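1. build me a structure from this.
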Amino acid sequence: MGGPGVTRDRSGLLARVAKAVDWRLRGVRTPPRAGEADDGRLAAGASGWALLHGDLKAPNLFFSPEAAVSASAAAAAACDFQYTGPGCVMLDVAYLLCNSGRAEQLADGKDSELVACYVEELARARERQGGLHADGAAAYSYTMARAHREYRLAVADYARFLAGWCRTRGREPPAYAIEIACGVAKEVVALAEGAEAAAGADDVNDPSDDSSLLNAVWLAFPDAG
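-> Below is the predicted model:
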């Protein structure tokens with residue numbers, strides 16, 4: 001999955017909304033106060049949280065021989081848990097599809113079908129196990145629309161990370177991820193600028209205020225299904 005590359009403008013756009021996207025995925029609604037460190041934790045009531053792998057991709061997954069014959073009899077295992085920790089389940093989904101999916105597997109709405117399949121399987125697994133947290137088995141079995149909103153945010157987070165961390169390593173986010181991430185960033189910035197303009201802010205072309213961007217990302221990607 002080649003891509004047009006992350007230009008300076010695109011990199012700046014992604015960096016501009018990076019904290020707001022991360023906070024939204026963690027369920028944070030109010031930025032840390034000035035001088036207060038961000039501990040990186042999930043907020044109380046954050047949706048769809050699970051113990052993440054953190055670097056989910058095909059080379060880190062192993063499947064039993066039965067997987068080639070019957071999906072119902074398949075067994076899978078994962079290795080290389082470098083960045084394990086709690087987070088929104090869509091992060092692992094985004095990393096897997098962006099790292100290992102082919103362009104034709106994700107185009108024309110096929111990515112939505114894959115995300116929906118994951119959400120359905122997750123709901124079934126949680127129901128079998130009696131629910132993995134206080135909200136029970138239905139905690140992340142919400143509608144496809146809500147799941148795909150958080151998936152888009154997770155792709156934006158992935159693209160932002162890869163654009164920064166891998167720039168000196170000769171690796172770029174795939175075109176698929178760049179397109180989604182820039183779409184998310186433009187939507188959030190436009191909403192933040194509009195809100196600041198309505199409030200009579202002096203500089204609406206640079207909505208750098210964390211609260212404005214965080215409010216905008218919650219408005220663009222609400223928590224309700």
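
2. how many neighbours does Val93 have?
-> For Val93, the neighbour count with other C-beta atoms under 10 Å is 24. To be clear about C-beta, it is placed using only N, CA and C from the backbone, and glycine gets the same treatment.

3. quick one: it is in a strand?
-> No. Val93: not assigned to a strand; according to DSSP: H, G, I helix; E, B strand; the rest coil it is helix.

4. so what does the longest helix along the chain touch, helix or strand wise?
-> Counting residues, the longest helix found in the chain (DSSP state H) is helix 175-198. In terms of contacts (3 or more C-beta pairs under 8 Å, 6 or more residues apart in numbering; DSSP states H and E), helix 175-198 is packed against helix 8-25, helix 103-106, helix 144-165, helix 210-220.

5. please repeat the previous calculation with a cut-off of 10 Å.
-> helix 8-25, helix 89-100, helix 103-106, helix 144-165, helix 210-220 (3 or more C-beta pairs under 10 Å, 6 or more residues apart in numbering; DSSP states H and E).

6. those: which one's closest to Pro32?
-> Judged by C-beta to C-beta, the one of the helices and strands packed on helix 175-198 that comes nearest to Pro32 is helix 210-220, at 8.3 Å.

7. only alpha carbons, please: show that closest one as PDB.
-> C-alpha atoms of helix 210-220 as PDB (Å, rounded to 0.1, in the frame of the first residue of the first chain):
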ATOM      1  CA  ASP A 210      -6.400  22.400  23.600                       C
ATOM      2  CA  SER A 211      -9.900  22.900  24.900                       C
ATOM      3  CA  SER A 212     -11.100  24.200  21.500                       C
ATOM      4  CA  LEU A 213      -9.700  21.200  19.700                       C
ATOM      5  CA  LEU A 214     -10.900  18.700  22.200                       C
ATOM      6  CA  ASN A 215     -14.400  20.200  22.100                       C
ATOM      7  CA  ALA A 216     -14.300  20.000  18.400                       C
ATOM      8  CA  VAL A 217     -13.200  16.400  18.200                       C
ATOM      9  CA  TRP A 218     -16.000  15.400  20.600                       C
ATOM     10  CA  LEU A 219     -18.500  17.300  18.500                       C
ATOM     11  CA  ALA A 220     -17.200  15.700  15.300                       C
END
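
8. run through who's touching that helix.
-> 16-25, 27-32, 34, 149, 152-153, 156, 184-185, 187-196, 199, 201, 204, 207, 209 (C-beta atoms under 10 Å, 6 or more residues apart in numbering).

9. one more time with 8 Å
-> 16-17, 19-21, 23-24, 28-31, 153, 184, 187-189, 191-192, 195-196, 207 (C-beta atoms under 8 Å, 6 or more residues apart in numbering).

10. then stretch 41-48?
-> Residues contacting stretch 41-48 (C-beta under 8 Å, 6+ apart): 26-29, 49, 86-90, 139-140, 150, 223.

11. ok so, going back, in CSV: the helices and strands packed on helix 175-198, plus mean pLDDT and distance to Ala116.
-> Output for the helices and strands packed on helix 175-198, formatted as CSV (pLDDT from 0 to 100; distance: least, C-beta to C-beta, whole Å):
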stretch, mean pLDDT, distance to Ala116
helix 8-25, 90, 19
helix 89-100, 93, 11
helix 103-106, 92, 13
helix 144-165, 83, 5
helix 210-220, 94, 21
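
12. between these, which one is nearest to Phe63?
-> helix 89-100 (12.9 Å).

13. the helices and strands packed on helix 175-198: which one's closest to Gln129?
-> Minimum separation from Gln129 across these (C-beta to C-beta) falls at helix 89-100, 14.6 Å.

14. and for the residue nearest the centre of the chain, nearest residue in space, chain neighbours not counted?
-> The centre of the chain sits closest to Ala154, judged by C-alpha atoms, centre = their mean, with a distance of 0.9 Å. Of all residues not flanking Ala154 in the chain, Ala94 sits nearest, at 3.6 Å (C-beta to C-beta, 6 or more residues apart in numbering).
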